[in-house]
Structures are given as structure tokens and as C-alpha cells.
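Enquirer: Return a 3D structure for these sequence lines:
(one chain, ligands or ions: 1)
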Amino acid sequence: MSELTWVEISRRALEGNIKQFRTLIGKDVLMCSCVKANAYGHGLLETAKIFLESGADWLAVNALYEAELLRKAGIDCPIYVMGYIGLDDLEQAANLGVRMVVYNKESISRLGEIGKPVKVHIKVETGNNRQGVLVEELLDFANFIKGFSNIEIEGMATHFANIEDTTDHSYAEKQLSKFNEAAALLEGAGFSIPIKHCANSAATILFKETYFNMVRTGIANYGMWPSNETYVSYLKEIGDGFELKAALTWKTKIAQIKTIKAGEYIGYGCTYKTAQETRLAILPVGYYDGYDRGISAGHVVIHGKRAAIRGRICMNIMMVDVSNIPEAKLEDEVILIGRDGEEKISAEQFGTWASSINYEVTTRINERIERIII
Ligand SMILES: Cc1ncc(COP(=O)(O)O)c(C=O)c1O
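Expert: Numbering: from 1, shown residues only. Model prediction:
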């Protein structure tokens, strides 16, 4: 069956981004590439393989099922599970040999009961106030883990709350100081912590002092800047030399073309009324596929030219104006995200139209849509 919508992933772009990070962080720092959320929408297994072939040492996922998929595909590198693993899934996590982030005594007790050797990373709360152990409770938590001979504290981690959304990095600096204090506290009490880590893409690009023993990069591995603010900070503080290449192109085909009269309404709610005769292309993509329903003033690219969206995005269909693209015909290729000649719809642009961000845009592209590595 031929696909009506598909995603193309550029191997060269992914490889280039990873190699660039490898050079930036040097050989003594581990590179843990985040492939959660279907590799930020790029396709978990193929992307994971390309990352490892290009220089990543570890992979990070959110959930255990993602780690299972990687192991089933024969990927045997260290896998770090960043999200919560339910108590009843801890045995499976131990069987898969994944590194777990820990912050609950209940999880530790259950791992102790299971008795299999496991490596854990303590998540330290430094200011994000999501997962993590308060610094005041850290020693008690680490001592609790010490009571179970099968559990090895391999690492400690934290996550920045406000490093990419601003050009003022004072909050991130405070979190970094707190992380350093937490490390000193544990090491001062005789704990050895081989792998300390806190850097996401923005931290890795901007601040070498966040590297410790490992970086956990996500968005930039796929060729997207974490935000405009990160890009501005980079230009201001570092300069040039670091270039990210977006790897993802989302495409579809024209399903129908028709010309409608002036004064006609288009789509649900009759939100758009034609001011003149309009040549309309119907596209077989909608919000079920991940094309945000909130977008009304967006464009797609056909034959290297922009075609404006008309009316509301439906569940499986959307309509665009091809009055200025007379060569457009049935089954011609349409770029929803990506470049065609001089025209480009970036994930960032799409995010602006959808009142969202590039992270959400690419992770929301429905998993069942085929990812083709080119
Ligand atoms: C705990 C953790 N580490 C690292 C990352 C990677 O962040 P980024 O994609 O900004 O590089 C994420 C992403 O959300 C995360 O949740």
C-alpha cells in the first residue's frame, strides 16, 4: 500500500549533528542521546542505530517499553530510563539491565527484594520541582540504598528548569551550584559517584561546566535549536562554528484539486470565506496525524511555493489554496514540514503557528506514519 503521508529522515543530518556534539564534548565525556518519544518523532529504532554508529555512547528513553523495543532490536548499549518505572515493572527493568533514575524509597525497597544487580542514578532536586530527592534528604536516601547490596549507585543527575527559555541563565547557575553541593555532600560522606550528569542540549551547547561525566542531549541531536533564546545566547557568548541540520521532512500528496467560486465557505464551522475564485487542494492529513488543529494561518509548500491553509484542520483532511500554483495536480508532493528549494517550513515555524514549540511539533507526528531514512 502506498503511503499518503510519510516522514523522511536525513541520515546525513543526524550523523552530522551527533559527530559535532562528539567533537564539542571530547572523548572523556559520555554522550547519552535522548531517543524518547519515538526519537522526538524521528523513529526510535533507526534513529537510535544512527546515533550509536555516529558516536553516541548511551541512549536515554522515558519509559521502560521504549527500552524494551531497543533491546528487542538488538541494541545493547547502556540505556538510561529517565521516567518513572512502576514498582511492578522494576524486575523487568533489572532483567533488561537498564540504568534507572531513582528518587523513591519504595522503588529501592522493591529493587532490594528483587535482588538482581542493578545500577541506579539518584535524581537530585535542584529547582525544577518535578522528579528528584531534596538535597536535605539526599544523604538519608543514599544511605538507604547502601543497605541493599544488589543496588549500585552509578550516577547522580539533575535537570535544568530554565536554561533554554531565557537568555538570563542565573536560575540555571543556581541549579548547577546546588548540584555541585549535592555531589560534594555525597562524596564527602564516602559515596563514589562515577557518572554525574545534568546537561541537556542547551547546557551542552552553552556551558562546558555542566558536562561532568556525561551529557544528555535531545533536541539538538535532531538538528533543532532548543529555542531562539539558546541560539541568541550561543551567538552572543560563543560565536559561530556550530551548525545544526534539521533531519525531518514531513510530506503528503494532493488528494483532490477543485476550483470554487468567490463567496464560498471552506471547512467545518465555515471559518473561511473565499474573496475570489480559488483553486483548492485537498490534503489527506489532519490533526489525527499530528497536524495541529489550532493552525489556521499556516502554509505548506508545493512545487517550491507556499500554499496557504484555508479553513479548519479536520481530523484527517486539510485544505490549501493553490491558486498561485497552476502546475499543482493530483498526487503531487506536498511539504508539511521541511524544505523545497527556496521555501522552508521549519518545526519552529510550525510551532509558532500552533502556539507551541519544535519539541512538541515533531513528537506529535503520529507514530504510525512511516519514517523513511534517506
Ligand atoms: C531528564 C531529561 N534530560 C535530558 C533531556 C534532553 O533535553 P533536550 O531535548 O533539551 O536536549 C530531557 C528532555 O526533555 C529530559 O527530560
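
Enquirer: Excluding sequence neighbours, find me the nearest residue to the closest residue to the ligand within the chain.
Expert: In the chain, the residue that lies nearest the ligand is residue 218 (2.4 Å; CB to the nearest ligand atom). Using the backbone N, CA and C atoms, a C-beta is placed for each residue, glycine as well. In this structure, residue 218 finds its nearest non-sequential neighbour in residue 34, 3.5 Å apart by CB to CB, 6 or more residues apart in numbering.

Enquirer: which parts of this structure sit against the ligand?
Expert: By CB under 6 Å from any ligand atom, the residues of the chain that approach the ligand are 34, 82, 159, 200-201, 216-220, 226.

Enquirer: Among those, which are located in helices?
Expert: residue 201 (DSSP state H).

Enquirer: Might you report the residue contacts of the residue nearest to residue 218?
Expert: 40, 59-61, 82, 216-218, 221 (CB atoms under 8 Å, 6 or more residues apart in numbering).

Enquirer: Longest helix in the protein, please.
Expert: Longest helix of the chain, by residue count under DSSP H: helix 170-188.

Enquirer: Low-confidence regions, the stretch 201-350 of the chain specifically.
Expert: Scanning the stretch 201-350 of the chain for pLDDT under 70 picks out nothing.

Enquirer: what ranges do the helices span in the stretch 251-374 of the chain?
Expert: 347-353, 358-363 (DSSP state H, counting those that start in this stretch).

Enquirer: Minimum distance to residue 208: which of those has it?
Expert: Minimum separation from residue 208 across those (CB to CB) falls at helix 358-363, 23.8 Å.

Enquirer: so residue 120 makes contact with residue 156?
Expert: No - using CB atoms under 8 Å, residue 120 makes no contact with residue 156, being 9.6 Å away.

Enquirer: So for these two, which residue has more residues nearby?
Expert: residue 156 (27 against 21; other CB atoms under 10 Å).

Enquirer: ok so the more buried one is a helix residue?
Expert: No - counting by DSSP: H, G, I helix; E, B strand; the rest coil, residue 156 is not part of a helix but strand.

Enquirer: which residue packs closest to it, ignoring adjacent ones?
Expert: residue 122 (4.7 Å).

Enquirer: so is that neighbour in a helix, a strand, or just coil?
Expert: Taking three-state DSSP, the label given to residue 122 is strand.

Enquirer: Can you check the pLDDT for the residue most central in space within the chain?
Expert: Closest to where the C-alpha atoms of the chain average out (CA atoms, centre = their mean) is residue 40, at 3.6 Å. pLDDT for residue 40: 98.

Enquirer: Check residue 176 too.
Expert: In this model, residue 176 carries a pLDDT of 98.

Enquirer: Can you verify my assumption that it contacts residue 196?
Expert: No - in this structure residue 176 lies outside contact range of residue 196 using CB under 8 Å: 11.2 Å.

Enquirer: Enumerate the beta-bridge partners assigned to residue 251.
Expert: residue 6, residue 335 (DSSP bridges).

Enquirer: pretty sure it contacts residue 4?
Expert: No - contact between residue 251 and residue 4 fails when scored by CB under 8 Å: they sit 9.7 Å apart.

Enquirer: Settle it for me: which of those two has more neighbours?
Expert: residue 251 (22 against 16).

Enquirer: what's the more buried one in contact with, if anything?
Expert: 5-8, 333-336, 338 are the contacts of residue 251 under CB under 8 Å, 6+ apart.

Enquirer: what does residue 360 give?
Expert: Here residue 360 is in contact with 351, 354 (criterion: CB under 8 Å, 6+ apart).
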